[in-house]
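> Return a 3D structure for these sequence lines:
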Amino acid sequence: MKNIYIKNLSISFFLFLIMGCENLLQNNDEVAIDSEELEFFSRSIEEDISLSKNSKNKLRRGINEFGEKNKHDKDRKPGFLWYLASEMQSTLNDEEKAEIFANIENKNHKINKPRQKHNEFERDEKNNNGHNQGEKDLFEIITDVQMIEYNLIVENFTIRMNSIKNRVESGEISREDVELEIEENYSLMNQAIDNLLTEDQKIQLIEMKAQREKEKEEFYLAMEEAKNKALGLSDNQIESLGSFQKDFEDSMLNLRLQIEAGELNKETAGESIKSLRENHRLNIESLLNDVQIEIMKIHNFLSYHWKICAEKDDLIKEKIDNEEYEFEESFEVED
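Numbering: from 1, shown residues only. Below you'll find the predicted structure:
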């Protein structure tokens, strides 16, 4: 019996050594990230804060899991940074999270947030060829002959714009006249393009725009769902945050109108904006618990690095979702 016990103990110890060594090797091996853009994203984070080998691999596994593209190889699922932030909040140790929070405060991480909800859907966003989405749609449906005429229309538009610019610089026209002439120039170009298209092509453009608007709204709803789920928001919290957001937007709009009317100088306006943002942040923090606040701060940190990646890689820049905003603006809903 004693020999059997010793034998079993020896086998158990041997298996423990094997499994322990395997785990050790796994922990020492860096988790691979297949996507070049996500690898760059991970490196950016790892270079900014001190993470243990274990935490780095957890970060990389999370990026692989939540940043993976869907089966159609389109954009990553809406809100993947929110899911990643929630995962990091629960897996990073206190020292690592404290470094992230200090990093945010010290660097004053501010994201130059687009004015639209989801910039991968926005008409005014430029693609790698310098064309906006409306032009891309147009190029898909016009013929080669129409393209030649379209280029002439754009060339004439550019000539007129340069003429306006020269007259402004020489002081020949006032600001009011400039605005009218620019508006007229755009009107002439749009009318020329409208005359260029067939009725069927015009219908196609309308349908393409409608489809994008539908996708945009679906994406927005999915983003909101991801954020609410990651933060574990209650119905009351969601309602209160919506109220805070509306008040903030109304105040910012009123401030903007004052600036445009010349009622506020640049310095006063800057202080007012800073005060509004700070009050908005405090209102949000008063409504959330400690875990939710940590998730939002980590999300802000991740958004900062996602933005850095975008600025260095046009491919990523085209795919940034609505996650590029400051901590205190995380609940903003753009018009």
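
> got the buried residues for the host helix or strand of Ile298?
Secondary-structure assignment from DSSP states H and E places Ile298 in helix 290-312. Neighbour-count burial for helix 290-312, counted by 16 or more other CB atoms under 10 Å, picks out 292-310. Using the backbone N, CA and C atoms, a C-beta is placed for each residue, glycine as well.

> name the helices or strands packed onto that helix?
helix 36-48, helix 80-91, helix 94-107, helix 199-231, helix 314-317 (3 or more CB pairs under 8 Å, 6 or more residues apart in numbering; DSSP states H and E).

> among these, which is nearest Ile159?
helix 199-231 (25.5 Å; CB to CB).

> Give me the angle between the closest one and helix 290-312.
Computed by axes from the mean of the first three to the mean of the last three CA atoms, to 10 degrees, the angle separating helix 199-231 from helix 290-312 equals 140 degrees.

> other SSEs contacting the very next helix or strand once past helix 199-231?
Once helix 199-231 ends, the next helix or strand along the chain (criterion: DSSP H and E) is helix 235-260. Packing partners of helix 235-260 (3+ CB pairs under 8 Å, 6+ apart): helix 266-287.

> mind checking how far the helix it packs on is from the chain centre?
Helix 266-287 sits 22 Å away from the centroid of its parent chain (CA atoms, centre = their mean, to the nearest Å).

> next one: stretch 36-51
That offset, for stretch 36-51, works out to 17 Å (CA atoms, centre = their mean).

> same thing with stretch 251-264?
The answer for stretch 251-264 is 27 Å, by CA atoms, centre = their mean.

> now the helices and strands packed on helix 290-312 as a markdown table including mean neighbour count?
A markdown table is the format used below for the helices and strands packed on helix 290-312 (neighbours: other CB atoms under 10 Å):
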| stretch | mean neighbour count |
| --- | --- |
| helix 36-48 | 17 |
| helix 80-91 | 22 |
| helix 94-107 | 14 |
| helix 199-231 | 15 |
| helix 314-317 | 16 |
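
> lowest-confidence stretch among these?
Of all these, helix 314-317 carries the lowest average pLDDT, namely a mean of 46.

> picking up where we left off before, possible to save the helices and strands packed on helix 290-312 as a markdown table with distance to Leu188?
Rendered in a markdown table, the data for the helices and strands packed on helix 290-312 read as follows (distance: least, CB to CB, whole Å):
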| stretch | distance to Leu188 |
| --- | --- |
| helix 36-48 | 41 |
| helix 80-91 | 43 |
| helix 94-107 | 47 |
| helix 199-231 | 18 |
| helix 314-317 | 32 |
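
> what about the ones you listed, which gets the closest to Ser243?
Of the helices and strands packed on helix 290-312, nearest to Ser243 by CB to CB is helix 199-231, at 15.4 Å.

> Taking helix 235-260 as reference, get the angle to that closest one.
Using the same axes, to 10 degrees: helix 199-231 against helix 235-260 is 120 degrees.

> by contact count, what packs against helix 199-231?
So helix 199-231, by 3+ CB pairs under 8 Å, 6+ apart, packs with helix 80-91, helix 133-141, helix 290-312.

> Can you check what angle separates the first one from helix 36-48?
Angle between the axes of helix 80-91 and helix 36-48 is 40 degrees (criterion: the same axes, to 10 degrees).

> Name the residues that touch helix 80-91?
55, 58-59, 62-63, 66-67, 97, 226-227, 229-231, 291, 294-296, 298-299, 302-303, 306, 321, 323 (CB atoms under 8 Å, 6 or more residues apart in numbering).

> let's see 7 Å
58-59, 62-63, 66-67, 226-227, 230, 291, 294-295, 298-299, 302-303, 306, 323 (CB atoms under 7 Å, 6 or more residues apart in numbering).

> Now do it and helix 94-107, the angle between them.
Using the same axes, to 10 degrees: helix 80-91 against helix 94-107 is 130 degrees.

> how about low-confidence regions in the stretch 101-250 of the chain?
Regions of the stretch 101-250 of the chain meeting the criterion pLDDT under 70 cover residues 107-131.

> For Met189, which of the helices and strands packed on helix 199-231 is the nearest?
helix 133-141 (11.9 Å).

> what packs against that closest one?
helix 199-231 (3 or more CB pairs under 7 Å, 6 or more residues apart in numbering; DSSP states H and E).

> could you redo the last one with a cut-off of 10 Å?
Judged by 3 or more CB pairs under 10 Å, 6 or more residues apart in numbering; DSSP states H and E, helix 133-141 is in contact with helix 144-169, helix 175-196, helix 199-231.

> For Leu38, find the nearest of these.
It's helix 199-231; of the helices and strands packed on helix 133-141, that one is closest to Leu38 (CB to CB) at 17.5 Å.
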